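**Student:** model this:
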Amino acid sequence: MVVGNFVGKQALAAVGSVAPIINMLIGFFTGFATGAGVLISRYFGAHERENVHKAVQTTIALTIILSVALSVVGVWMTPLMLRAMQTPDDVIVQAEEYLRIYFAGLSGLLLYNSGSGILRAVGDTKRPLYFLVVSAVVNTVLDIVFVAVFRMGIAGVAIATVIAQLASAVLTLMVLTRTAGEYHVTLRELRVDKEMLGKICALGLPAALQLAVTSFSVFVQSYINRFGSDCMAGWTSYNKIDAFALLPITSISMATTTFVGQNLGAGDPVRARQGTRTALWLSEAAT
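**Tutor:** Just a heads-up that it's a prediction; the model follows:
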């Protein structure tokens, strides 16, 4: 709403044109985070404290490594990706500016997703919600300040998003580093355990590939881009509204993953099946 009202249709089109790239990246990483969450919830349900600690340390260490690697590659490949989607000339400059800033600040998004996934795996679903509310409020306020007041344009939108994501990541890491539970993160002990990494990949890679199927929307976006910035802006507006239809089902699936993992870890497959059936009914009702 801020971009559309205070910057213009080209800026709105620019934000929309980079969405498939961002969604593909988020989807792929979320798959790995899901694998870690499943593993942690199983160990937590089985009261295997040492394995919970190893899985948590490996997850955070892997996230930091991927954050650096993806930021460097993303900033470098931004022009190539936008050209591959046939982004129009009147949009590509703003799209490139937005995407490069977003990639540069990617660590906030990935660390929040990993950290909140760990908290959900051990049954703490409230604090990730509170931190996300803080992030959303910060993002909205900074959008208005940077764009409507300081007239920073598309760069202001990107910077506001990065700051908000970093805020949620810092809050999540504060909880993980200060907790007394087995999911405590010790910065000096951060390392990738090879055995635990293999287990995370075995569970997370299929989910990562499944969620990264959103990359096919890059081809859809390239067709949309051929019609110019007017059509791109309309497509962006539609996608923002469409996301609300998908969010309830995504939330139910995340809750079910933790529920099933903990019950299987505790040796209660009957309750795990009951949870799965209930989740299916909830998803159908939401749809």
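
**Student:** if you count contacts, what does the helix or strand in which T78 is found end up packed against?
**Tutor:** Following DSSP states H and E, one finds T78 within helix 49-84. In terms of contacts (3 or more Cβ pairs under 8 Å, 6 or more residues apart in numbering; DSSP states H and E), helix 49-84 is packed against helix 9-45, helix 89-104, helix 106-121, helix 194-211. To be clear about C-beta, it is placed using only N, CA and C from the backbone, and glycine gets the same treatment.

**Student:** of all those, which one is nearest A169?
**Tutor:** Among the helices and strands packed on helix 49-84, helix 106-121 comes nearest to A169, with 4.0 Å by Cβ to Cβ.

**Student:** mean confidence score for the closest one?
**Tutor:** Throughout helix 106-121, pLDDT has a mean value of 92.

**Student:** and for stretch 235-242?
**Tutor:** In the prediction, stretch 235-242 has an average pLDDT of 84.

**Student:** now stretch 141-154
**Tutor:** Stretch 141-154 carries an average pLDDT of 94.

**Student:** equivalent analysis for stretch 14-25, please.
**Tutor:** For stretch 14-25, mean pLDDT is 84.

**Student:** which residues sit against it?
**Tutor:** Stretch 14-25 has contacts (Cβ atoms under 8 Å, 6 or more residues apart in numbering) with 3, 70, 74, 81-82, 85, 87, 91-92, 94-95, 98-99, 102, 106, 154, 157, 212, 214-215, 217-218, 220-221, 225, 232-233, 235-236, 239.

**Student:** write the PyMOL selection for whichever of these are buried.
**Tutor:** A single PyMOL command is used to select the members of those judged buried by 16 or more other Cβ atoms under 10 Å:
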select buried, resi 3+70+74+81+82+85+87+91+92+94+95+98+99+102+106+154+157+212+214+215+217+218+221+225+232+233+235+236+239
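
**Student:** and the angle from the helix holding T78 to helix 106-121?
**Tutor:** Counting by axes from the mean of the first three to the mean of the last three Cα atoms, to 10 degrees, helix 49-84 lies at 140 degrees to helix 106-121.

**Student:** buried residues in helix 49-84?
**Tutor:** Residues of helix 49-84 classed as buried by neighbour count (16+ other Cβ under 10 Å): 51-63, 66-67, 70-71, 74-75, 78, 81-82.

**Student:** could I have the CA atoms of stretch 24-37 written out in CSV?
**Tutor:** Written as CSV, here are the backbone C-alpha positions of stretch 24-37 (Å, rounded to 0.1, in the frame of the first residue of the first chain):
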residue,chain,number,x,y,z
MET,A,24,12.0,-19.6,-4.3
LEU,A,25,14.9,-18.7,-1.9
ILE,A,26,12.6,-18.6,1.2
GLY,A,27,10.9,-21.9,0.2
PHE,A,28,14.1,-23.8,-0.3
PHE,A,29,15.6,-22.6,3.0
THR,A,30,12.3,-23.2,4.9
GLY,A,31,12.4,-26.8,3.7
PHE,A,32,15.8,-27.3,5.4
ALA,A,33,14.5,-25.5,8.5
THR,A,34,11.5,-27.9,8.4
GLY,A,35,13.9,-30.9,8.4
ALA,A,36,15.7,-29.5,11.4
GLY,A,37,12.4,-28.8,13.2
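
**Student:** which helix or strand in this structure has the lowest average pLDDT?
**Tutor:** Least confident helix or strand of the chain, by mean pLDDT, DSSP states H and E, is helix 217-225 with a mean of 77.

**Student:** could you check the angle the next helix or strand after it makes with helix 194-211?
**Tutor:** Next along the chain after helix 217-225, taking DSSP H and E as the criterion, comes helix 229-265. Angle between the axes of helix 229-265 and helix 194-211 is 140 degrees (criterion: the same axes, to 10 degrees).
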